[in-house]
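A.B. asks: Model the structure of this input:
(one chain, ligands or ions: 1)
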Amino acid sequence: MTNGNKRNVVIKGTGHAVPTRVLSNFDLEKMVDTSDEWIRTRTGILRRRIADEHTATSDLATEAGRLALEDGGVSPEQLDLIIVATITPDMFFPATSCLVQKNLGAWGAACYDLSAGCSGLIYGLDMAMHSITSGAYNRALIIGADCLSKITNFQDRTTCVLFGDGAGACLVEGADRAGVLASYLGADGRGWEKLLIRAGGSRHPASPATLEAGWHYIEMCGNDVFKFAVRIMVEASLKVLADAGLEPEDIDLFIPHQANIRIIESAAHRLKLKDTQVYVNVDEYGNTSAASIGIALDEAARSGRIKGGDRVLLVGFGAGLTWGAMIIEWVDKDND
Ligand code: ACO
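C.D. replies: Below is the predicted model of the structure:
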């Protein structure tokens, strides 16, 4: 959808949080049959952050959310809505967003979680935008947060080298001017088995047998996800560009989901984007799932890589299968 003439939303603040513990490719060499060279050339990842045993998704989400509120100059009591996008909630229920609300003291906020894998932050931003432009809410905190290390089999070299933990947050507020120029979400449930945790839900409740089978760990068809990712990132980006009446060269910063440098480069190449238009931090954090786009957006905003008036294209793909793309016209908070 385009968001031309009606009430809009702007991103008032951003924040991110990552654990302090660094797990390098060299550390992984000691854990599984892999090499720094293989991981670097196949994925672009050099290191990732891993949460300790006492840290859960809500802890990272709370810190990212707190920083976004501080950045936007908004107090927790002023929030109407908290959405946490995650596939690694602290527990099945209650929602992780309720724990974040408690930690922040955001007593006026309605809370829910959403599960859209690595597309989660864009799904959350889109949902918040519609909630705000409808007039129902005015301020929302959207947090993409995951601790994939908690559901990763560190004996499986095909998955354990890819993932890291973190959280990225956006504070969104109603406005009467440009903000979100276009937004597009999609899903194809026929790909549900490409990326999943098989057990622990109502189909295969956790049992000694599911534990024995390792069904509490991430399973992934890496090659299929790779091909899907490149195709859908290009398609979704072209769709929002067309909806906003823009060309790829009009984009100041392209922030793709950080899963694999080869996926990012293939998509950027097909979109004819220059290297200077593309944000990359997969080398530092690996694939942090729903957190990845939020971490990148916050880093880009705080480092001055995005300035007021810039057009930022976010695009993600993930378990479901799901995808989402959004073009945002950035608001310079200092001149707001
Ligand atoms: N170290 C060394 N060798 C390895 C490793 C490793 N860590 N992992 C796999 N290999 C081997 C394989 O066993 C295979 O060996 P073989 O040829 O003897 O069978 C060989 O390397 C090539 O394996 P491929 O799977 O073909 O390697 P590919 O180049 O496709 O890279 C990768 C695999 C990195 C997983 C890639 O497919 C990818 O990035 N896919 C997308 C993943 C993704 O984006 N997932 C999103 C999930 S996020 C979410 O929603 C939770």
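A.B. asks: And the helices in the stretch 51-200 of the chain?
C.D. replies: 57-72, 96-104, 120-133, 157-160 (DSSP state H, counting those that start in this stretch).
A.B. asks: Flag every buried residue along the last one.
C.D. replies: Going back to what we said before, that points to helix 157-160. By neighbour count on 16 or more other CB atoms under 10 Å, the buried set for helix 157-160 is Arg157, Thr159, Cys160. Backbone N, C-alpha and C define where each C-beta goes, glycine included.
A.B. asks: Distance of the last one relative to Gly191?
C.D. replies: Between Cys160 and Gly191 the distance is 22 Å, computed by CB to CB, to the nearest Å.
A.B. asks: Just give me the closest of the buried residues of helix 157-160 to the ligand.
C.D. replies: Ranked by distance to the ligand (CB to the nearest ligand atom), the buried residues of helix 157-160 are led by Arg157 at 3.8 Å.
A.B. asks: Leaving out the residues flanking it, which one is nearest to Gly294?
C.D. replies: Gly168 (1.8 Å; CB to CB, 6 or more residues apart in numbering).
A.B. asks: check contacts around that neighbour.
C.D. replies: Gly168 is in contact with 14-16, 64, 121, 143-145, 288, 291-298, counting by CB atoms under 8 Å, 6 or more residues apart in numbering.
A.B. asks: rerun at 7 Å
C.D. replies: Applying CB atoms under 7 Å, 6 or more residues apart in numbering to Gly168 gives the contacts His16, Ala64, Leu121, Gly144, Ala291, Ile293, Gly294, Ile295, Leu297, Asp298.
A.B. asks: what's the strand or helix carrying the last one in contact with?
C.D. replies: Assignment of secondary structure by DSSP states H and E places Asp298 within helix 292-302. Contacts of helix 292-302 with the rest of the structure, by CB under 7 Å, 6+ apart, involve 14-16, 64, 118, 121-122, 144, 166, 168-170, 253, 255, 257-258, 279, 281, 285, 288, 306, 314, 316.
A.B. asks: tell me which parts of the stretch 1-150 of the chain are close to the ligand?
C.D. replies: Neighbours of the ligand within the stretch 1-150 of the chain, by CB under 6 Å from any ligand atom: Thr34, Trp38, Ile39, Arg42, Thr43, Gly117, Cys118.
A.B. asks: Can you report how many residues lie near Leu99?
C.D. replies: Look at Leu99: counted by other CB atoms under 10 Å, it has 22 neighbours.
A.B. asks: from here on, count from 570
C.D. replies: Will do, 570 is the new start, and the previous item becomes Leu668.
A.B. asks: Can you tell me, leaving aside adjacent residues, what's nearest to it?
C.D. replies: Nearest one to Leu668, counting by CB to CB, 6+ apart, is Ser627 at 4.0 Å.
A.B. asks: so who does that neighbour touch?
C.D. replies: Asp659, Thr665, Leu668, Val669, Asn672.
A.B. asks: Tell me, how many residues neighbour the fourth one?
C.D. replies: Translated: Val669. 33.
A.B. asks: Then the last one?
C.D. replies: Each residue near Asn672 was counted by other CB under 10 Å, and the total is 16.
A.B. asks: Make sure it is actually in contact with Glu632.
C.D. replies: No: between Asn672 and Glu632 there is no contact under CB atoms under 7 Å: 8.9 Å.
A.B. asks: show me what contacts Lys719?
C.D. replies: Counting by CB under 7 Å, 6+ apart, the residues that Lys719 touches are Thr657.
A.B. asks: which element follows the helix holding Asp867 toward the C-terminus?
C.D. replies: Scanning forward in sequence from helix 861-871 by DSSP H and E, the next helix or strand is strand 880-887.
A.B. asks: List the contacts of that next one.
C.D. replies: 685-691, 750, 797-798, 801-802, 805-806, 809, 815, 819-826, 862, 875, 892-899.
A.B. asks: One more pass at 6 Å, please.
C.D. replies: 686-688, 691, 798, 801-802, 805-806, 820-826, 862, 875, 892-899 (CB atoms under 6 Å, 6 or more residues apart in numbering).
A.B. asks: Adjacent strands (with direction) for that strand?
C.D. replies: strand 822-825 (parallel), strand 891-898 (antiparallel) (DSSP bridges).
A.B. asks: does any part of that strand sit near the ligand?
C.D. replies: Yes: shown here: strand 880-887 in contact with the ligand (CB under 6 Å from any ligand atom) through Gly887.
A.B. asks: That strand relative to helix 689-702, how many degrees between them?
C.D. replies: 120 degrees (axes from the mean of the first three to the mean of the last three CA atoms, to 10 degrees).
A.B. asks: how about a markdown table for the contacts of Gly737, with distance to His838 added?
C.D. replies: Putting the contacts of Gly737 into a markdown table (distance: CB to CB, whole Å) gives the following:
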| residue | distance to His838 |
| --- | --- |
| His585 | 27 |
| Ala633 | 31 |
| Leu690 | 24 |
| Gly713 | 26 |
| Ala860 | 25 |
| Ile862 | 20 |
| Gly863 | 25 |
| Ile864 | 24 |
| Leu866 | 22 |
| Asp867 | 26 |
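A.B. asks: Let me know the closest of those to Asp745.
C.D. replies: Minimum distance to Asp745 across the contacts of Gly737 is 22.9 Å, recorded for Leu866 (CB to CB).
A.B. asks: What pLDDT is listed against the closest one?
C.D. replies: Note on Leu866: pLDDT of 98.
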